[in-house]
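Trainee: Below are the sequence and a predicted model; questions follow.
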Amino acid sequence: MFVNNLLGFPTEFTTTAPLIHMLTNQSVAEEIVKKFGDDVFDFEEPFGMLTFTTTREQIIPLLEYLKSHPQFNINFLTDITAIHYPDAVGQEFCVVYHTHSFINNFRIRIKVYLPDADVHISTAIGLWASANWMERETFDLFGIIFDGHPNLKRILNMEEMDYHPMRKEYPLEDPTRQDKIDALFGR
Amino acid sequence: MTETSVAPQNNTDLAKGDQVQYVNELTTLNLGPTHPATHGIFQNILTMDGEKIVAGEQTVGYIHRAFEKIAERRPFYQITTLTDRMNYCSSPINNFGWHMTVEKLLSIEVPKRAQYIRVILMELARIADHIICNGILGVDTGAFTGFLYVYEKREEIYEIYEEICGARLTTNMGRVGGMERDLNSTAIHKINEFLKSFPPVLKEFERLFNRNRIFMDRTIGVGGISAERAMSYGFTGPNLRAAGVDYDVRVMSPYSSYEDFEFDIPVGQHGDTYDRFMVRNEEMWQSLRIIEQAIKNLPEGPYYADAPEFYLPPKQEVYRNMEALIYHFKIVMGEIDAPIGEVYHAVEGGNGELGFYLISDGGRTPYRLHFRRPCFIYYQAYPEMCVGSTISDAIVTMSSLNVIAGELDA
């Protein structure tokens, strides 16, 4: 695995010696790749935030590793949410974790893609108690099933609801209306 | 202790030496959905053992309005009005947080003057937010006077909003790229007046509460949470700082020129209701400091960025200038596509880190927009914080957490 130009940095940035307590996207990415190898991929840094993808088997070990890493100290779970890409075959759902290290003021965004047929992923409650409602919300809106969650039921919508409203196939407008056509009011 | 006695049928049974049976019974108590102390609609199903809370379960979502779904069909300006309705106690922070997210996506550099005006308004909003929380905490502990004193000042803040955008509660303030209009002389006068008249009121408010024996007895050691648990539960903002963690988005990742100002981050020790109250009070003083500096050093120059494709042109221009008319039409009709990108932007809202996670696929509306709502994330700690305490303590705890139903349910 080549890690030298993983993020497409100009070489002068990659060769400068990092400050001892300053984490850079490059150094963190290298360290994570060293540990997880091929299970972490698609590194990028949109607007400066280190972003990469992992597999559903590795997400909890990865979060655990980042949390207990003596230097990274990723001690705060900012957010869990999901995105629906109905056209991406085999990768319809993307679960996004935003994590933050208060000590280093360093944020990492981790993505896990799940196929529509199998939307199971492990729960992160063991690491952060805040994952509880974040995962319930993600389940409620997208139908992602977090295995091991003690109380995985709807949180914002009523329990009788039989669909997950943030999925793209559920239209926002009343489909019987003729005046609100997508050409004018849609995306 | 609630004990239900199974009464003996008649006295003769007792005479025979039968034991009176006592059954320990737990009571289920519904606190909410509408309850004067919840300041919004959400339910707590509390299991009580007499006066003590044994367990609690929350039901939220009563005013869930599917903002994230609606946002997927709305151009950027129409989403500003959705953000108002999240934390409606400090809507300018939400508005500007959203505008800053879009500006980050579009890589628009906002002029210094607009940034300073935003800082002034966001800090005024923070004061208004904390006034509500602390004033009502006083009411919930039985002290109505302080609430009335500070609420008058909140009214003055709303008058400042009114001068700037015409609205009071759901402000829809600002534009992508800057402000809708410059601060006029009346607004500056009102802000200066507020800076002069608020400190004595806040001082009086503090004198009423800070060393008030009744208030201290009601709040010290009530609803406490350790720093470690608070971080695990995703606390941010004043509630986390009351537990002793000095995390503030304004300092950690400054936005809108917050790095230009000098202010302190107050930190509590025990994370209890009293500490939350004190942290919020001190934050109001710090907000005043920031506003003073911003007003004093308000730079000259334009109040909006040169981004005609995204900044809604002034109305006078629209009537006279062809380009302005075209851009006005295109922006209002949502004809302008945003670049492809993925942005997370956080601001320090009244309750903590208010995050906007925006994914744009190059269309006129976001492909996905997620709001990280601080209330929603920290409110799940509420049962843990009030188990073992009494109902009255639970109400004070909830009040000091400043749970805003609009932000909770999105």
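Mentor: Right, received. Where do you want to start?

Trainee: May I ask which helix or strand encompasses A:His98?
Mentor: Per DSSP states H and E, A:His98 falls inside strand A:93-101.

Trainee: I misspoke; the intended subject was B:Met284.
Mentor: helix B:273-296.

Trainee: where's that helix relative to the chain centroid, distance-wise?
Mentor: Between the centre of helix B:273-296 and the centre of its chain there are 15 Å (CA atoms, centre = their mean, to the nearest Å).

Trainee: Could you do stretch B:86-98 as well?
Mentor: The chain centroid and the centroid of stretch B:86-98 are separated by 8 Å under CA atoms, centre = their mean.

Trainee: go on, stretch A:122-134?
Mentor: Going by CA atoms, centre = their mean, where stretch A:122-134 is centred and where its chain is centred differ by 13 Å.

Trainee: neighbours around A:Pro171, how many?
Mentor: For A:Pro171, the neighbour count with other CB atoms under 10 Å in any protein chain shown is 13. For glycine as for every other residue, the C-beta is placed from the backbone atoms N, C-alpha and C.

Trainee: tell me the pLDDT at it?
Mentor: We have a pLDDT of 77 for A:Pro171.

Trainee: and it, what is it in contact with?
Mentor: Counting by CB atoms under 8 Å, 6 or more residues apart in numbering or on different chains, A:Pro171 touches no other residue.

Trainee: and it, which of the three is it?
Mentor: coil (DSSP: H, G, I helix; E, B strand; the rest coil).

Trainee: Same check on the one 5 residues further on?
Mentor: When the structure is reduced to helix, strand and coil (three-state DSSP), A:Thr176 reads as coil.

Trainee: can you count the residues close to it?
Mentor: Neighbourhood size, A:Thr176 [other CB under 10 Å]: 5.

Trainee: For it, give its distance to B:Met398.
Mentor: Here A:Thr176 is placed at a distance of 42 Å from B:Met398 (CB to CB, to the nearest Å).

Trainee: show me where pLDDT drops low in chain A?
Mentor: A:1-21, A:173-175, A:180, A:182-187 (pLDDT under 70).

Trainee: Get me the contact residues on it for chain B.
Mentor: Applying CB under 8 Å from any CB of the partner chain, we find that chain A lies next to chain B at A:46-47, A:49, A:51, A:75-79, A:81, A:83-84, A:96, A:98, A:102, A:105, A:107, A:109, A:128-130, A:132-134, A:137, A:141, A:154-158, A:165-166, A:170, A:172-173, A:185-187.

Trainee: OK, contacts around B:Ser287?
Mentor: Residues counted as contacts of B:Ser287 (CB under 8 Å, 6+ apart) are B:123-124, B:126-127, B:130, B:263.

Trainee: B:Leu202 versus that one, what's the distance?
Mentor: From B:Ser287 across to B:Leu202, the span is 10 Å (CB to CB).

Trainee: what's the answer for B:Gly138, then?
Mentor: In terms of CB to CB, B:Gly138 sits 13 Å off from B:Leu202.

Trainee: same deal with B:Val347?
Mentor: For B:Val347, the distance to B:Leu202 equals 24 Å [CB to CB].

Trainee: Settle it for me: which of the two has more neighbours?
Mentor: Between B:Val347 and B:Leu202, counting by other CB under 10 Å, B:Val347 is the more crowded of the two (23 against 20).

Trainee: quick one, what contacts B:Phe198?
Mentor: Neighbours of B:Phe198 in contact, by CB under 8 Å, 6+ apart: B:127, B:153, B:156, B:288.

Trainee: 10 Å instead, please
Mentor: By CB atoms under 10 Å, 6 or more residues apart in numbering or on different chains, the contact set of B:Phe198 is B:124, B:127, B:131, B:150, B:152-154, B:156-157, B:205, B:284-285, B:287-288, B:291.

Trainee: ok, the closest residue to A:Gly90 other than its chain neighbours - contacts?
Mentor: Nearest non-adjacent residue to A:Gly90, counting by CB to CB, 6 or more residues apart in numbering or on different chains: A:Pro115, 4.8 Å away. A:Pro115 makes contact with A:88-93, according to CB under 10 Å, 6+ apart.

Trainee: Tell me where the chain has strands.
Mentor: Just so you know, I chose chain A. Using DSSP state E, the strands found in chain A span residues A:40-44, A:50-54, A:76-84, A:93-101, A:106-114, A:120-122, A:145-147.

Trainee: Chain B was what I was after
Mentor: Residue ranges of the strands in chain B, as given by DSSP E, are B:3-6, B:21-24, B:27-31, B:43-49, B:52-59, B:340-348, B:353-361, B:368-372.

Trainee: Spatially nearest residue to the residue of chain B found nearest chain A (excluding sequence neighbours)?
Mentor: Using CB to the nearest CB, the single residue of chain B nearest to chain A is B:Gly234, 3.0 Å away. Distance criterion CB to CB, 6+ apart; nearest residue to B:Gly234, sequence neighbours excluded, is A:Ser130 at 3.0 Å.

Trainee: tally of neighbours for the one you found?
Mentor: Neighbours of A:Ser130 using other CB under 10 Å come to 26.

Trainee: can you tell me how far it sits from A:Gly143?
Mentor: 21 Å.

Trainee: so A:Ile80 makes contact with A:Leu127?
Mentor: No. A:Ile80 is not in contact with A:Leu127 according to CB atoms under 10 Å; the separation is 11.2 Å.

Trainee: Tell me which of these two has more neighbours.
Mentor: Neighbour totals were compared for A:Ile80 and A:Leu127, and A:Ile80 leads with 29 against 19 (other CB under 10 Å).

Trainee: Residue 72: neighbour count?
Mentor: Because you didn't say which chain, this covers chain A. With other CB under 10 Å as criterion, A:Phe72 counts 21.

Trainee: hmm, I had chain B in mind actually
Mentor: B:Glu72: 20 neighbours (other CB under 10 Å).

Trainee: I'd say it and B:Thr365 touch.
Mentor: Yes. Using CB under 10 Å, B:Glu72 is in contact with B:Thr365, at 6.0 Å.

Trainee: lowest-pLDDT helix or strand in chain B?
Mentor: strand B:3-6 (a mean of 46; mean pLDDT, DSSP states H and E).

Trainee: which residues in the stretch 1-150 of chain B form helices?
Mentor: Here the stretch 1-150 of chain B has its helices, by DSSP state H, counting those that start in this stretch, at B:11-15, B:67-71, B:76-84, B:91-106, B:112-140, B:145-165.

Trainee: Which one of those has the poorest average confidence?
Mentor: helix B:11-15 (a mean of 50).

Trainee: Name the residues contacting each of A:Ile80 and A:Leu127.
Mentor: Common neighbours of A:Ile80 and A:Leu127 (criterion: CB under 10 Å, 6+ apart): A:Thr99.

Trainee: And the residue most central in space within chain A, how far from B:Asp409?
Mentor: In chain A, the centroid-proximal residue (CA atoms, centre = their mean) is A:Val96; its distance is 1.7 Å. Using CB to CB, A:Val96 is found at 21 Å from B:Asp409.

Trainee: Also B:Ser389?
Mentor: 25 Å.

Trainee: Comparing these two, which shows the higher neighbour count?
Mentor: B:Asp409 (23 against 19).

Trainee: still on that earlier bit, of the residues of chain A next to chain B, buried ones?
Mentor: A:49, A:51, A:75-79, A:81, A:83-84, A:96, A:98, A:102, A:107, A:109, A:128-130, A:132-134, A:137, A:141, A:154-157, A:165-166, A:172, A:187 (16 or more other CB atoms under 10 Å in any protein chain shown).

Trainee: All good on my end, thank you.
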